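# kindly generate the corresponding structure for this input.
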Amino acid sequence: VRRALDALASIIGETTAHELGHSFGLAQPYGSPTAFHNELDGDGCLMDRGSDRPLAERAAQPGAARSGLCEDAPAYLMEILGP
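Alright, predicted model coming up:
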């Protein structure tokens, strides 16, 4: 039960972070304004398309890639939000 609750909490957090990422323009911050997801799939990239983010990754399961910001997203956030 504990593992299921942890997985559910992770999925909710991942989905929330992904959707907030859309609001910040994190998919391709220096690319096309109509890009909603990363162009290429990367292990654990928060702004990848849903089909490129396996459930195990979203649920933070053992052996799955750890989620985070990829490509230009970290530098872009520092640029718009500051240190």
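# would you mind measuring from residue 80 to residue 2?
38 Å (CB to CB, to the nearest Å). In this view, the C-beta of every residue, glycine as well, is placed from N, C-alpha and C.
# what does stretch 3-21 contact?
Residues from elsewhere that reach stretch 3-21 (CB atoms under 8 Å, 6 or more residues apart in numbering): 27, 46, 47, 53, 55, 58, 59, 60, 61, 67, 73.
# residues of that stretch that come out buried?
7, 10, 14, 18, 21 (16 or more other CB atoms under 10 Å).
# tell me the mean pLDDT for that stretch?
For stretch 3-21, the mean pLDDT works out to 97.
# same question for stretch 75-83.
So the average pLDDT for stretch 75-83 ends up being 91.
# can you check stretch 28-39 too?
Mean predicted confidence for stretch 28-39 is 91.
# specify the helix with the largest residue count in the protein.
Determined from DSSP state H, the single longest helix within the chain is helix 2-24.
# against which helices or strands is the following helix or strand past it packed?
The helix or strand immediately downstream of helix 2-24 is helix 55-58, counting by DSSP states H and E. In terms of contacts (3 or more CB pairs under 8 Å, 6 or more residues apart in numbering; DSSP states H and E), helix 55-58 is packed against helix 2-24.
# number of residues surrounding residue 65?
By other CB atoms under 10 Å, the residues close to residue 65 number 14.
# roughly how far does it sit from residue 32?
26 Å.
# residue closest to the middle of this protein?
In the chain, the centroid-proximal residue (CA atoms, centre = their mean) is residue 46; its distance is 1.2 Å.
# still on that earlier bit, buried subset of the contacts of stretch 3-21?
The neighbour-count criterion (16+ other CB under 10 Å) marks 27, 46, 47, 53, 58, 59, 60, 67, 73 among the contacts of stretch 3-21 as buried.
# for the residues you listed, could you give me TSV that also reports distance to residue 36?
Putting those into TSV (distance: CB to CB, whole Å) gives the following:
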residue	distance to residue 36
27	5
46	13
47	8
53	14
58	17
59	23
60	24
67	18
73	13
